[in-house]
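1. dropping a prediction and its sequence here:
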Amino acid sequence: MKKNAWIAVIGAVLFLGGWWVKEAYFFSPATHLKRVDAKVNQILNKNKVTERFLLREKSEEKILRGGRVQTLERQYVVGGEFPLNQFPSLFTSVAQKTKLRVVKNSWTKGLTQNEFELVIGWRENPLYSVKIVQRSSIKTSAGKEVPRVDPHAPKIAFVLDDWGYNLNNLPVLNEIEIPMTLAILPHLRFSSKIPASLAGRNYEFILHMPMEAHNGKIRPEAKTLYTDMQEGEIQRTLNEALASVPQLKGISNHMGSKATEDSRLLKVVMEELQKKNLYFLDSLVTPHSVVEQVSQQVGIPFAKRDIFLDNELREEYIEAQIQKTIQQAKEYGSAIGIGHDRAVTLKVIQKMIPQMKAEGIQFVHVSQLVKDRELTASAASR
Ligand SMILES: [Zn+2]
């Protein structure tokens, strides 16, 4: 080959090589991602959100522009003293000077927790996300080494509804050793006997108050709260129901898809609960429930159902629902799972206790979660 031909070949090789290096390195999402990650970590560390608070980390390999990219997802849980509301502005410049863009950078203040979320992506592909959940129930004292949040101590409150018709499942309750919350219907033959029969066991009792549903065909319990009742009638019906079950810590709604959308009725109910220092657990039977809003207005402790455990009375179904409850508790720190006074439900819970304990689940009463949530809410409003 002639000399000129060699020069042409070498030139072409160098040109293509240079182009490849440029494409593979300078313009690859992976390179930009590394820069972004370094910058994000710098900001987090500066603001004391360190590895100690890391709850989850997930990484996946993706192919983008012909190259491999490691996506990254991190979730932290921090205490009430972090200035989470300032985080969005801290992170606004983070994708600058890279080919990546900020897809989401938000701070949301909630009743039970605050959340900061940063998502960075390559065009439409989210590649990198940081989520910081703030709960004031997590103790982190200023100046001291911050204790690591125990990712293996998520809390679950199991609630079992519709007690009062009989005592059939009481022997199983006496065998189960975890704290649970029992929601007892008023005025039934065994309404007052259940707390007495479980004396010394670790159960919390709440009134399962029958409330009006949209579907009028469902046979309502006697002495249901209806939306057309006058104030005095609501108070009387509620107070008679409260008097029929001893040792109450709170109430929850039995049915009530119509009544829990009615703020007038709820306000009357909650003002009574306030006098008696009781919480309201929303069974959440309608997406339009205003229980949370009214409880905030009146200022009474509130909680709501996360998962229904036994809408189908099959073991595999209930097991899957409990699995979801565990998942939720791990993700958010706590979860409330509501089942019923049914043999199969109790059987599956009992069967899964060792597994849940092994996974580090802490079992609590609803009142414990209500307390945690109140702390978080008051921290958020400071
Ligand atoms: Zn019920």
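-> Noted; the coordinates are in hand. Please read these numbers as outputs of a predicted model, since none were measured by experiment.

2. gap between Val194 and the ion?
-> Not Val; residue 194 is Ile. With the distance defined as C-beta to the ion, to the nearest Å, Ile194 ends up 15 Å from the ion. C-beta here means a position set from N, CA and C on the backbone, and glycine is covered the same way.

3. before we move on, what about Gln293?
-> Counting by C-beta to the ion, the gap from Gln293 to the ion is 22 Å.

4. in what helix or strand does the residue in the chain that the ion sits nearest to lie?
-> Among the residues of the chain, His254 lies closest to the ion, at 3.6 Å counting by C-beta to the ion. Element membership for His254, per DSSP states H and E: strand 248-255.

5. mind checking the pLDDT average for the following helix or strand past that strand?
-> The helix or strand immediately downstream of strand 248-255 is helix 263-276, counting by DSSP H and E. The average pLDDT within helix 263-276 is 98.

6. same question, stretch 157-172
-> On average, stretch 157-172 scores 96.

7. now for Leu278: which residues touch it?
-> Leu278 makes contact with 206, 242, 248-251, 300, according to C-beta atoms under 8 Å, 6 or more residues apart in numbering.

8. next one: phi and psi at it?
-> When read as degrees, to the nearest 10, the backbone of Leu278 gives phi -110, psi 150.

9. ok, now the one 5 residues further on?
-> Comment: the main-chain dihedrals of Ser283 come out as phi -70, psi -10, following degrees, to the nearest 10.

10. contact partners of the strand holding His254?
-> Contacts of strand 248-255 (C-beta under 8 Å, 6+ apart): 159, 161-162, 181, 183, 185, 204-213, 218, 220-221, 224, 242, 259-260, 273, 278-283, 285, 291, 301, 365-367, 370.

11. filter these by proximity to the ion?
-> 161-162 (C-beta under 5 Å from the ion).

12. hang on, the earlier thing: partner strands of the strand holding His254 and their direction?
-> strand 203-211 (parallel), strand 279-282 (parallel) (DSSP bridges).

13. any chance of JSON lines for those strands, columns mean pLDDT, distance to Gln96 and mean neighbour count?
-> Shown next, in JSON lines, are these (pLDDT from 0 to 100; distance: least, C-beta to C-beta, whole Å; neighbours: other C-beta atoms under 10 Å):
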{"stretch": "strand 203-211", "mean pLDDT": "97", "distance to Gln96": "53", "mean neighbour count": "24"}
{"stretch": "strand 279-282", "mean pLDDT": "98", "distance to Gln96": "44", "mean neighbour count": "26"}
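
14. any chance of a markdown table for these, columns distance to Met229?
-> Shown next, in a markdown table, are these (distance: least, C-beta to C-beta, whole Å):
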| stretch | distance to Met229 |
| --- | --- |
| strand 203-211 | 11 |
| strand 279-282 | 18 |
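
15. what's next to the helix or strand containing Ile336, contact-wise?
-> Following DSSP H and E, the helix or strand that holds Ile336 is strand 334-340. By C-beta under 8 Å, 6+ apart, the residues outside strand 334-340 that reach it are 154-162, 281, 283, 303-310, 318, 321-322, 325-326, 328-329, 345, 349, 364, 366, 369, 372.

16. just stretch 326-333 next, same as before
-> By C-beta under 8 Å, 6+ apart, the surrounding residues in contact with stretch 326-333 are 56, 75, 77, 113, 133, 135, 137, 151, 154-156, 306-307, 335, 356, 359, 361.

17. and with 10 Å instead?
-> Under the contact criterion C-beta atoms under 10 Å, 6 or more residues apart in numbering, stretch 326-333 has outside partners 55-56, 75, 77, 112-113, 115, 133, 135, 137-138, 149, 151-157, 306-307, 334-337, 352, 355-356, 359-362, 369, 372, 376.

18. same check, this time on stretch 10-23
-> 28, 65-67.

19. Thr286 should be in a helix, yeah?
-> No - Thr286: not assigned to a helix; according to DSSP: H, G, I helix; E, B strand; the rest coil it is coil.

20. residue contacts, it?
-> By C-beta under 10 Å, 6+ apart, Thr286 lies in contact with 213-214, 253, 256-261.
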